[in-house]
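In: Sequence first, then the predicted structure, then my questions.
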Amino acid sequence: MNPLPTFPRQSTVSPTDYRHLIEATLAATVQCRSEKLPLVETSGRVLAQDLRALRSVPHFDNSQMDGYALTALGAARDDRTFIVGADVPAGSDARDLPIRDDIAYPIMTGAPLPAGYDAVVPVERSRVLTGEQDAAGFAQRGGQIDLPRAAFGDFVRRVGEDIEAGELLATAGCPITSALIGALASQGIGSLKVRSSPRVVLITGGDEITLDTEAAPESGKILDANGPMLCALAGADGAETQRVAIGDSVEQLVGVLTRLVLTWRPDFMITSGGISHGKYEVVRLALTAMMETKDARVQAERTWFGHVAQQPGGPQGLSLLRATSQEQDGSAHLVPVISLPGNPVSTLVSYVELVRPALAQLTGRVAPQPRHGVLALAEGEELQAPEGKTQYRRARLERVFESDGTVRTLLTPDPLTGSHLLHRAATAQVLVQLDPGVTYRSGDVAFYLPL
Ligand SMILES: Nc1nc2c(c(=O)[nH]1)N[C@H]1C(S)=C(S)[C@@H](COP(=O)(O)OP(=O)(O)OC[C@H]3O[C@@H](n4cnc5c(N)ncnc54)[C@H](O)[C@@H]3O)O[C@H]1N2
Ligand code: MOO
């Protein structure tokens, strides 16, 4: 495990430094685990073992077409008339058929090539000379056919063409795709060791949040948008999630954090809201209180609450909880708590740009990297981030196919930047990053991240 990073002394840090701090904190505290799963349940997971091919695929030479199998001499000889032999359907055993240069065996796609046979001519290229022709165009056994010349190996799928027995099939750390599941199934592999999903607790709430989705919220109350949104984000990124709703009681939150750490054993937790400058900042108050309690089984070991130089998502917090085991050995484990700001768009943006890369590091998936596109603004329009801050603008992304064959990525930022405008964010596909001190005009290049 990596050493713990030092937490910032200053109250404002750059988005890049803060992202690195979250990554380093999770790398230093989260133990990567693996588990065995039935093959069909491994889609989207990451392999935790190297796998070698148990057998060559294909594991016998077979036909790529419905047609006639020929010997190498038969395929090349001048006389193009052949006697039709016994059928060779897929699944049959064709090792003991007579080998003759003037016999062509009707062979089906995937059927084993008869021993001593080396080429296949598709049935469409055959002409029946004598005997009856069936609906598929094959002549009956004993009939005569005319076939064009063929080369050695034509339409033959050779042993080991895809992979040879003993070759490396897949390595630990590779994503398990549907095609890989198929390839492993064809090897007879029925279960796999995969990386376990990180366990993430998502805590949202505040006294203004009501969970009663049936009734219209009372005056001053709102429904929880951030809990379901964070569950969806972390779940889609490969985490096993547990969602918890809280109020504004500091004692209750201390109890919830303690119980979850001891019973559910999350790898880390994400809170949303309750960290800025108000009077009831429950998350900041609870974590600060946990720094001061002595002899509790779960205590805060470090906390940092400050600002990341960005908008939205400025107010941020990071804490480390230490859970001491009940065993005599006094062993302990650390659980990071990432505290995101409560405005829904701030939660969304912070998750995408600060948490997603760190989670990807644990799941083994690859977090989307920033890409660049071209800003599509109105004529004369200029965009600037607030002074000293990186701004993340929600934007529509369009791909435009130019007449010269090039493809341009056009980014149209939402003119409204309010961090309560979640519906508008839901109509965007990307976050455009505006760097501090830069004036952006239409046609300028900007980096973006997918939402
Ligand atoms: N005096 C100052 N006030 C504020 C500052 C500041 O620097 N000085 N920063 C503002 C910014 S920017 C943000 S972002 C917020 C962050 O505040 P908190 O993280 O403490 O979040 P809350 O106050 O709890 O909530 C903010 C906002 O979001 C709504 N919210 C919270 N949770 C949810 C949820 N689960 N679902 C839907 N909506 C939620 C909440 O009702 C508030 O409207 O602070 C600013 N203030
Ligand atoms: O950091 Mo706040 O996110 O600007 O709304």
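Out: Looks like it came in fine. Ligands and ions are numbered 1, 2, ... in the order given.
In: Tell me who's in contact with the spatially most central residue of the chain.
Out: In the chain, the centroid-proximal residue (C-alpha atoms, centre = their mean) is R365; its distance is 5.3 Å. With contacts defined as C-beta atoms under 8 Å, 6 or more residues apart in numbering, R365 is in contact with 46, 175, 237-238. Quick note: C-beta positions are derived from backbone N, CA and C, even for glycine.
In: again, 10 Å this time
Out: 44-46, 175, 195, 237-238, 356, 359 (C-beta atoms under 10 Å, 6 or more residues apart in numbering).
In: Which positions in this structure make contact with ligand 1?
Out: Selection of the chain residues close to ligand 1 by C-beta under 6 Å from any ligand atom yields 204, 206, 208-209, 222, 224-227, 272-278, 281, 312, 314-315, 341-344, 346, 419.
In: List only buried entries from those residues.
Out: Among the residues of the chain next to ligand 1, those buried by neighbour count (16 or more other C-beta atoms under 10 Å) are 204, 206, 209, 224-227, 272-276, 281, 312, 314-315, 341-344, 346, 419.
In: one step back: how much space is there between the residue nearest to the centre of the chain and I176?
Out: 11 Å (C-beta to C-beta, to the nearest Å).
In: Which residue is the nearest non-sequential neighbour of the residue lying farthest from the centre of the chain?
Out: Farthest-out residue of the chain from its mean C-alpha position, per C-alpha atoms, centre = their mean: T130, at 59.1 Å. Spatial nearest neighbour of T130, excluding adjacent residues (C-beta to C-beta, 6 or more residues apart in numbering): Q144 at 4.4 Å.
In: That neighbour pairs with what?
Out: For Q144, the beta-bridge partners under DSSP bridges are I83, T130.
In: so A234, which of the three states?
Out: Under DSSP: H, G, I helix; E, B strand; the rest coil, A234 falls in the helix class.
In: Repeat that for T204.
Out: Applying three-state DSSP: T204 is strand.
In: hang on, isn't it packed against G247?
Out: No: using C-beta atoms under 10 Å, T204 is not in contact with G247, being 11.0 Å away.
In: Show me what residue of the stretch 251-400 of the chain gets nearest to ligand 1.
Out: At 2.6 Å from ligand 1, G342 is the closest residue in the stretch 251-400 of the chain, using C-beta to the nearest ligand atom.
In: Now do the same contact list for that residue.
Out: Here G342 is in contact with 204-206, 208-209, 225-226, 271-276, 278, 281, 283, 315, 419-420 (C-beta under 10 Å, 6+ apart).
In: Restricted to strands, list these.
Out: 204-205, 209, 271-272, 315 (DSSP state E).
In: any chance of these in a markdown table, plus distance to ligand 2 and pLDDT?
Out: Formatted as a markdown table, these follow (distance: C-beta to the nearest ligand atom, whole Å; pLDDT from 0 to 100):
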| residue | distance to ligand 2 | pLDDT |
| --- | --- | --- |
| T204 | 15 | 95 |
| G205 | 18 | 86 |
| I209 | 17 | 84 |
| T271 | 15 | 98 |
| S272 | 11 | 97 |
| P315 | 6 | 97 |
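In: Closest one of the residues you listed to T25?
Out: T271 (14.8 Å; C-beta to C-beta).
In: Would you agree the closest one is in contact with L260?
Out: No: here T271 lies out of contact with L260, judged by C-beta under 10 Å, at a distance of 11.4 Å.
In: Who has more neighbours out of these two?
Out: Shown here are T271 and L260; by other C-beta atoms under 10 Å, T271 has more neighbours (31 against 20).
In: Next one: that one relative to P336, how far apart?
Out: 11 Å.
In: again, but for Q391
Out: 27 Å.
In: quick one: common contacting residues for R365 and I176?
Out: Residues touching both R365 and I176 by C-beta under 10 Å, 6+ apart: 44-46, 195.
In: Please go through those residues and note which also touch ligand 2.
Out: Answer for the shared contacts of R365 and I176 near ligand 2: none qualify (C-beta under 6 Å from any ligand atom).
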